[in-house]
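S.K.: Just need the structure, nothing else, for what follows:
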Amino acid sequence: MRDVIACDDEVPVGRPLLVPMMRNGKRLPERRVDLTTARQYAQEQIARLPERVRAITPADSPYPVEVSSTLAHLQQQIIKDLTDNRKGST
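M.R.: Have a look, this model is predicted:
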């Protein structure tokens, strides 16, 4: 089990953790759920986490989080662009 941070337009490796709830300032009707359903979903998702992550104390080994290759490439490009801009402005 791990999380992958990716760009919005990338095909997800697994199941997205974040989903659109609003569009153009309006709540999406398909995202409306009653409190009981929302509470049950939250409990199910928490139960899926390893015990070491659910504990109040810090996990012995951190929960694995990866950056997608596309996002990592964008990060490197931004770093390069900023470095190039600094060199050009001095």
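S.K.: hey, let's count contacts and neighbours off CA atoms from now on
M.R.: Will do.
S.K.: How far away from the center of its chain is stretch 76-90?
M.R.: With Cα atoms, centre = their mean, to the nearest Å as the basis, stretch 76-90 stands 27 Å off its chain's centre.
S.K.: what ranges of this structure fall below the confidence cut-off?
M.R.: Along the chain, segments meeting pLDDT under 70 span 59, 90.
S.K.: What ranges does it have for its strands?
M.R.: When assigned using DSSP state E, the strands of the chain occupy the ranges 3-5, 22-23, 26-27, 65-67.
S.K.: Please convert the ones you listed to JSON lines, extending it with distance to E44 and mean neighbour count.
M.R.: Rendered in JSON lines, the data for the strands of the chain read as follows (distance: least, Cα to Cα, whole Å; neighbours: other Cα atoms under 10 Å):
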{"stretch": "strand 3-5", "distance to E44": "17", "mean neighbour count": "17"}
{"stretch": "strand 22-23", "distance to E44": "23", "mean neighbour count": "10"}
{"stretch": "strand 26-27", "distance to E44": "24", "mean neighbour count": "10"}
{"stretch": "strand 65-67", "distance to E44": "20", "mean neighbour count": "12"}
